[in-house]
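> What would the 3D arrangement of this be:
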Amino acid sequence: MLQQAKDLLEEGAEFKALLDTLTNTDWESPTPFKNWTINQVVQHLHGTDKMAVLSLKSREEFESTVKDRKALSANMNPTLTGQDLLNEWWSYFQEMCELLGTSDPKKRLAWFGPDMGAMMFTTARQMETWSHGQDIYDLKKQQRKNGERLKNIVVIGVRTYGWSFANRKMEPPGAAPYVKLTSPSGEIWAFNEPSTDNYVEGDAAEFCHVVTQGRNIADVNLNVVGEPARQWMAIAQCFAGPPENPPAPGTRSSS
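Numbering: from 1, shown residues only. You can find the predicted model right below:
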């Protein structure tokens, strides 16, 4: 089984364990993410996972559904809530992981925008699951214990340096910064050419919070040096879609 698919399944299982602790009232509680309720957060993940399963099973059906507004809306906007939503999301999630796990890592999958390789597609689903999981951890004011699979999300964050600017029709202000991060186990993860005047250094989870826009750079303890690094961390966006802005300083933090 593709290692990234194993990591994705573990991410989903951890998220499910958190959702299993919720009361019926909790599901309607607004999270720090755009004031979406937990129902809306999980509906969003579930709708995207359903489209992922469709893409994995049939490119033709995926492309046909994308062109059909009614069909696309039906898939992307599930109406189930609470325990029923959790059960159906988990069923689709496990199927998605199984299909990804047996895929050729280099297989190109149809998606919104350019096709994606199966390996990166898998990591993108992990990134979405992890980042939206944080919405619930923040709401419940629970500390999260991250594992080494976080490296998959770090890799997406590092690779989307250029995308963060191109998505805003901006030219990158310089070479991609050197990134040196400490993993949850204490291992050092380093990326790009070493530099003493253009780098991002610190905790891997905090880096992931910034590139997934769960935290403003002002609310983490990353050491950011150099204009390219500073500009990147102010707008970093490792997910597809139109440009989004990070939360305002002071509105989301780990404290």
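
> Helices of the stretch 51-200 of the chain, start to end?
With DSSP state H, counting those that start in this stretch as the criterion, the stretch 51-200 of the chain has helices at 59-67, 69-76, 82-101, 118-140, 150-159, 161-166.

> closest one to H209 among the ones you listed?
Proximity to H209, assessed across the helices of the stretch 51-200 of the chain by Cβ to Cβ, is greatest for helix 118-140 (7.1 Å). For every residue, glycine as well, the C-beta is placed using N, CA and C.

> and stretch 177-193, how far apart are its ends?
For stretch 177-193, the first and last residues are 8 Å from each other (Cα to Cα, to the nearest Å).

> buried residues in that stretch?
Across stretch 177-193, burial judged by 16 or more other Cβ atoms under 10 Å covers P177, Y178, V179, K180, L181, T182, S183, W189, F191, N192.

> Let's see which of those residues end up in strands.
Members of the buried residues of stretch 177-193 lying in strands (criterion: DSSP state E): Y178, V179, K180, L181, T182, W189, F191.

> Pick the one among those residues closest to L8.
Closest approach between these and L8, by Cβ to Cβ: W189, at 19.1 Å.

> quick one on the thing from earlier: quick check: of the ones in strands among the buried residues of stretch 177-193, which lies closest to K169?
V179 (24.2 Å).

> show me where pLDDT drops low in the chain?
Low-confidence segments of the chain (pLDDT under 70): 254-255.

> Now do the domain split for it, please.
Split into domains by automatic domain parsing, the chain comes to 3-140, 150-235.

> Now do the end-to-end distance for the shortest one.
It stands for domain 150-235. Rule used - Cα to Cα; the end-to-end distance of domain 150-235 is 21 Å.

> same thing with the first one?
For domain 3-140, the first and last residues are 30 Å from each other (Cα to Cα).

> Make residue 1 into 12 and carry on from there
Okay, residue one is now 12; in that scheme the one you just asked about reads as domain 14-151.

> sorry, back to before: which of the buried residues of stretch 188-204 lies closest to I228?
Ranking these by separation from I228, with Cβ to Cβ as the measure, puts P188 on top at 12.8 Å.

> Wait, that closest one touches E238, no?
No - contact status for P188 versus E238: not in contact, 9.7 Å apart, counting by Cβ atoms under 8 Å.

> Pipe the domains of the chain into JSON lines and attach distance to S264 per row.
Below are the domains of the chain laid out as JSON lines (distance: least, Cβ to Cβ, whole Å):
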{"stretch": "domain 14-151", "distance to S264": "9"}
{"stretch": "domain 161-246", "distance to S264": "4"}
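
> rewinding a little: dump the buried residues of stretch 188-204 to a markdown table, plus distance to S175.
Below are the buried residues of stretch 188-204 laid out as a markdown table (distance: Cβ to Cβ, whole Å):
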| residue | distance to S175 |
| --- | --- |
| P188 | 12 |
| Y189 | 16 |
| V190 | 13 |
| K191 | 19 |
| L192 | 17 |
| T193 | 22 |
| S194 | 23 |
| W200 | 19 |
| F202 | 15 |
| N203 | 14 |
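
> Pull the most distant pair out of those.
So, the buried residues of stretch 188-204 by Cβ to Cβ: farthest apart are P188 and S194, at 18.4 Å.

> how about stretch 88-103: buried residues?
The neighbour-count check on stretch 88-103 (16+ other Cβ under 10 Å) flags P89, T92, G93, L96, L97, E99, W100, W101, Y103 as buried.

> hang on, isn't the third one packed against N35?
Put plainly, it is G93. Yes - the criterion here is Cβ under 8 Å, and G93 meets it with N35 at 5.9 Å.

> Taking their axis directions, the helix or strand containing G23 and helix 93-112 sit at what angle?
Following DSSP states H and E, one finds G23 within helix 14-30. Calculated by axes from the mean of the first three to the mean of the last three Cα atoms, to 10 degrees, helix 14-30 forms an angle of 170 degrees with helix 93-112.
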